[in-house]
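Visitor: Give me a 3D structure for the following:
(2 chains)
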Number of protein chains: 2
Amino acid sequence: MRIGVLGTGMVGDAIGTRLVELGHDVVMGSRTVNNEKAVAWAAPLGERATPGTFADAAAHGELLVNATAGAVSLAALAAAGADNLTGKVLVDVANAIAEYGPPLRLDPCGDDSLAEQIQRTFPGARVVKALNTMNCNVMVRPQSVPGDHDVFMAGEDPAAKDAVRALLHEMGWADGSIRDLGGIVAARGMEMYLVLWIALRMELGHGAFNIRVVE
Amino acid sequence: MRIGVLGTGMVGDAIGTRLVELGHDVVMGSRTVNNEKAVAWAAPLGERATPGTFADAAAHGELLVNATAGAVSLAALAAAGADNLTGKVLVDVANAIAEYGPPLRLDPCGDDSLAEQIQRTFPGARVVKALNTMNCNVMVRPQSVPGDHDVFMAGEDPAAKDAVRALLHEMGWADGSIRDLGGIVAARGMEMYLVLWIALRMELGHGAFNIRVVE
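Guide: This is a model prediction of the structure:
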């Protein structure tokens, strides 16, 4: 599949690399066409990995991944171009970190979420919040954490969620570990969970963990 | 131990009942001395269960449990009397629900927590946030959910946390399931997790679940 990954940080790098490994054609988008990190990312990966602008990545992708920092996600998506987002599945893995702290502070928080902001701002995009509740290595290689653990999804478009589910399967997520929490408003809980995640990250001293819903 | 449970709702009822079963002497506090729910709670439990005012419960307890609704917790604790809280371990199990929604809305949320408000307002109390991240039946009987799953703690006083840990052991929590997340500021993540919990509650259709940190 042609996929556009927006963002050149650790998360964009991990997701972009994994998607290329899985056989997808990926353009990593940033503010400039020759972003140093995007060029370095693409170099060892061969012809299926290409750096580009946000608009290049969004135009290229049949499916898009927002892996930009939450504080600049709306600007990055605006630079990508609303027309390039229309009709596309947009997997929002970003977290709306306003201050790293400690204590960490989110914005929006509570009565709104970044995923909802994105969906409102780009109503033509088919936004699915997913994967933001864990370290990026765990996102793309769930088997790196032993045993069963879970990934959450929220969004308004069932077919878009099916596409995300298929991509999660490719990355190694079993169906029983994928929990569909309903409409995009459920992104609030997924994003606010980051504050507990950070506390766990500090307690454990590493990020190679996740949570399992036990019932 | 003499324990004061503030609050006559489902959570206070479940915790109070379990503590009496475990052999503790419990006063359940409410706004009035003859609260109907507190009287009904005490009736079948024998002489170790007594209804009373918030002040009665707080004066009675060597250890206190705040099981009031988060929106009225500060008022309930004020009615209990700051002097009755001073030096006491105060286990805060409340959630700061401002609107049940859906969507659920918390207040405070993000840059403060109910547990921090309580600790600031009653600096003599030794506040430990715990148990608020699950259904009250799971709180007091963790074995009601099969397998391993976790309970979190946050607070400034190590000896107070030791007392809460001992009480959690009595209820059936194994040491490896009790995660100390550090100072009281970690209550923010524990309280904000409620929004994800509610989404899971709706997905699963029941409250008999919890999360396990997998690493």
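
Visitor: Next one, pLDDT for A:Val93 please.
Guide: Predicted confidence (pLDDT) for A:Val93: 98.

Visitor: what's around the closest residue to it other than its chain neighbours, how many residues?
Guide: Of all residues not flanking A:Val93 in the chain, A:Leu131 sits nearest, at 4.4 Å (C-beta to C-beta, 6 or more residues apart in numbering or on different chains). Backbone N, C-alpha and C define where each C-beta goes, glycine included. Close neighbours of A:Leu131, defined as other C-beta atoms under 10 Å in any protein chain shown, add up to 27.

Visitor: Just list the residues touching A:Leu131, thanks.
Guide: Listed by C-beta atoms under 8 Å, 6 or more residues apart in numbering or on different chains, the contact set of A:Leu131 reads A:91, A:93, A:139, A:151, A:168.

Visitor: Tell me how many other residues crowd the last one.
Guide: Burial of A:Leu168 is recorded as 22 neighbouring residues (other C-beta under 10 Å).

Visitor: Okay, it and chain B: tell me how far apart.
Guide: 16 Å (C-beta to the nearest C-beta, to the nearest Å).

Visitor: So which of the contacts of A:Leu131 are in helices?
Guide: Here DSSP state H is the test, and the contacts of A:Leu131 give A:139, A:168 as lying in helices.

Visitor: can you give me the strands for chain A?
Guide: Counting by DSSP state E, chain A has strands at residues A:2-6, A:25-30, A:49-53, A:63-66, A:89-92, A:97-99, A:105-106, A:126-130, A:151-155, A:178-180, A:210-214.

Visitor: Pairing partners for the fourth one, with directions?
Guide: Using DSSP bridges, the strands paired with strand A:63-66 in its sheet are strand A:2-6 (parallel), strand A:89-92 (parallel).

Visitor: got the angle for the first one vs strand A:49-53?
Guide: Pointing back at strand A:2-6 there. 50 degrees (axes from the mean of the first three to the mean of the last three C-alpha atoms, to 10 degrees).

Visitor: Okay, angle between strand A:2-6 and strand A:25-30 too, please.
Guide: 20 degrees.

Visitor: Could you give the average pLDDT over strand A:2-6?
Guide: Across strand A:2-6, pLDDT averages out at 98.

Visitor: what residues does that strand touch?
Guide: A:12, A:15-16, A:19, A:24-30, A:54, A:56-68, A:76-77, A:80.

Visitor: Likewise for the last one?
Guide: With contact meaning C-beta under 8 Å, 6+ apart, strand A:89-92 is reached by A:62-66, A:73, A:77, A:114-115, A:118, A:122, A:125-132, A:157, A:160, A:163-164, A:167, A:187.

Visitor: and the contacts of strand A:2-6, which are buried?
Guide: A:12, A:15-16, A:19, A:24-30, A:54, A:56-61, A:63-68, A:76-77, A:80 (16 or more other C-beta atoms under 10 Å in any protein chain shown).

Visitor: Closest to the centroid, which residue in chain A?
Guide: Nearest residue to the geometric centre of chain A (C-alpha atoms, centre = their mean): A:Val93, 2.3 Å.

Visitor: just checking, it touches A:Asn132?
Guide: Yes. The pair A:Val93 / A:Asn132 is scored as a contact, 5.0 Å apart, by C-beta atoms under 8 Å.

Visitor: Look at A:Ser113 and say how many residues are nearby.
Guide: Residues within reach of A:Ser113, counting by other C-beta under 10 Å, total 28.

Visitor: The one 10 residues further on too?
Guide: Taking other C-beta under 10 Å as the neighbour definition, A:Pro123 ends up with a count of 12.

Visitor: coming back round to it: which one of the contacts of A:Leu131 sits closest to chain B?
Guide: Nearest to chain B among the contacts of A:Leu131 is A:Val151, at 12.3 Å by C-beta to the nearest C-beta.

Visitor: still on that earlier bit, any chance of the strands paired with strand A:63-66 in JSON lines with mean neighbour count as columns?
Guide: Shown next, in JSON lines, are the strands paired with strand A:63-66 (neighbours: other C-beta atoms under 10 Å in any protein chain shown):
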{"stretch": "strand A:2-6", "mean neighbour count": "26"}
{"stretch": "strand A:89-92", "mean neighbour count": "29"}
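
Visitor: contacting residues around stretch A:97-114?
Guide: With contacts defined as C-beta under 8 Å, 6+ apart, stretch A:97-114 is touched by A:69-71, A:73, A:92, A:94-96, A:116-117, A:129, A:184-185, A:187-188, A:190-192, A:194-195, A:198, A:202, B:103, B:105-107, B:109-111, B:185, B:188, B:192.

Visitor: Quick one, which of those are buried?
Guide: Buried, going by 16+ other C-beta under 10 Å: A:70, A:73, A:92, A:94-96, A:116-117, A:129, A:184-185, A:187-188, A:190-192, A:194-195, A:198, B:103, B:105-106, B:109-110, B:185, B:188, B:192, out of those.

Visitor: on that earlier part again, OK, contacts around the residue nearest to the centre of chain A?
Guide: A:Val93 sits next to A:11, A:15, A:65-67, A:129-132, A:139 when contact means C-beta under 8 Å, 6+ apart.
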